[in-house]
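Enquirer: here you go, sequence then predicted model.
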Amino acid sequence: MKVSEEAIQALGEAIDGAQRIVCFTGAGISTESGIPDFRSPGTGLWTKIKPIQFQDFVSSETARQESWSRKFSGERTMENAVPNSGHKALARLVEMGKCAAIITQNVDNLHQDSGVPEDKVIELHGNASYATCLSCQTRYEMADLEKQFKQISRVEPCSRCGGIIKTATISFGQAMPEREMMRAQQAVEQCDLMIVLGSSLSVYPAAGFPEFAKRLGAGLAIVNREETPLDDMADIVVREQIGSTMSLVVGLN
């Protein structure tokens, strides 16, 4: 038996023995749906185009409209992506009652699209599939905003309060969402196994949750193609493709 096969078997046994699993997902689970990550040298989105800082978005009309121009004129890779077998495997774990929550660094809505209930997904970096007013939190659908932008070349202020409308993602320089961070902490405190899938575990404070879980006594499994800073701390490390690994583990194959 190969080491990877032993690790996969160990992961299956850990899942079978766990009562309350929390999954922590990063860009690696969604690259298997064709969504490029943001930070990889040479291929990451932020190596090709400079991100607009939150403070610039808020203070500059020009920066806001540039942000919307990028949103509506660029490739629709994220919008057109569909859940892959990794997402579906986690949805199965939730359906089985094994997985209590999915903490995600992703903004692509693919966990919800795979069938995971909204209240089981904790989005630390927000969601790119809709927008909200920064002042009153009124939700706006992207299709409506795109129609407006194509008609008048800008996105107007909030119709309810006059505030600034922004995609519901957490931008560079923007504070982490307090409610989601609290939900994530509570989920971690109650779990007996955390499975990290497709995260480099290099972006903090989000990446601190797996370490927190381990220090509280939970098991820690990492499924990622590349090494992570917590590999030495983990009980199980699987350096294989997420979709095929998790499909095998939960019996989707």
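Expert: Received, thanks. Residues are numbered from 1 along each chain as shown.
Enquirer: in terms of contact, does Ser33 touch Val82 like I think?
Expert: Yes - under the criterion of C-beta atoms under 8 Å, Ser33 is in contact with Val82, at a separation of 6.3 Å. C-betas here are computed from N, CA, C, even on glycine.
Enquirer: quick one: strands adjacent to the strand ranked longest in the chain?
Expert: Counting by DSSP state E, the longest strand found in the chain is strand 126-133. Next to strand 126-133 in the sheet, as set by DSSP bridges, lie strand 139-141 (antiparallel), strand 165-169 (antiparallel).
Enquirer: pick the most deeply packed of these.
Expert: Highest mean neighbour count among the strands paired with strand 126-133 (mean count of other C-beta atoms under 10 Å): strand 165-169, with a mean of 20.
Enquirer: contacts for that strand, please.
Expert: Residues from elsewhere that reach strand 165-169, judged by C-beta atoms under 8 Å, 6 or more residues apart in numbering: 57, 64, 67, 71, 107, 125-134, 139-140, 142, 145, 155-158.
Enquirer: format the CA atom coordinates belonging to that strand as CSV.
Expert: What follows is strand 165-169, C-alpha atoms only, in CSV (Å, rounded to 0.1, in the frame of the first residue of the first chain):
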residue,chain,number,x,y,z
ILE,A,165,-22.7,49.3,-3.0
LYS,A,166,-19.9,46.8,-3.1
THR,A,167,-19.6,43.1,-3.9
ALA,A,168,-20.2,41.1,-0.7
THR,A,169,-16.5,40.1,-0.6
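Enquirer: what are the contacting residues of the longest strand of the chain?
Expert: For strand 126-133, the external contacting residues (C-beta under 8 Å, 6+ apart) are 78-79, 107-109, 138-142, 145, 158, 160-161, 163-170, 177.
Enquirer: chain center to that strand: distance?
Expert: Its chain's C-alpha centre lies 13 Å from the corresponding centre of strand 126-133 when counted by C-alpha atoms, centre = their mean, to the nearest Å.
Enquirer: who's in contact with the closest residue to Gly115 other than its chain neighbours?
Expert: Once flanking residues are discounted, Gly115 sits nearest to Ala91: 4.4 Å by C-beta to C-beta, 6 or more residues apart in numbering. By C-beta under 8 Å, 6+ apart, the contact set of Ala91 is 83, 111, 114-116.
Enquirer: quick check: Ala91 vs Met246, distance?
Expert: From Ala91 across to Met246, the span is 10 Å (C-beta to C-beta, to the nearest Å).
Enquirer: that older thread, only the buried subset of the contacts of Ala91, as a PyMOL command please.
Expert: For the buried members of the contacts of Ala91, the matching PyMOL selection, counting by 16 or more other C-beta atoms under 10 Å, is:
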select buried, resi 83+111+114+116
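Enquirer: pick the one among the contacts of Ala91 closest to Ala27.
Expert: Comparing those against Ala27 with C-beta to C-beta picks out His111 as the nearest, at 13.2 Å.
Enquirer: just give me the neighbour total for the residue nearest to that closest one when sequence neighbours are not counted.
Expert: In space, and not counting its chain neighbours, His111 is closest to Val121: 4.9 Å by C-beta to C-beta, 6+ apart. For Val121, the tally of surrounding residues (other C-beta atoms under 10 Å) stands at 24.
Enquirer: hang on, Val121 packs against Thr104?
Expert: Yes - because the distance of 6.5 Å satisfies C-beta under 8 Å, Val121 is recorded as touching Thr104.
Enquirer: any low-confidence regions in the stretch 101-250 of the chain?
Expert: When the per-residue scores of the stretch 101-250 of the chain are filtered using pLDDT under 70, no range remains.
Enquirer: all strands for it, in order.
Expert: Shown for the stretch 101-250 of the chain, the strands assigned by DSSP state E, counting those that start in this stretch span residues 121-123, 126-133, 139-141, 165-169, 193-197, 219-223, 236-238.
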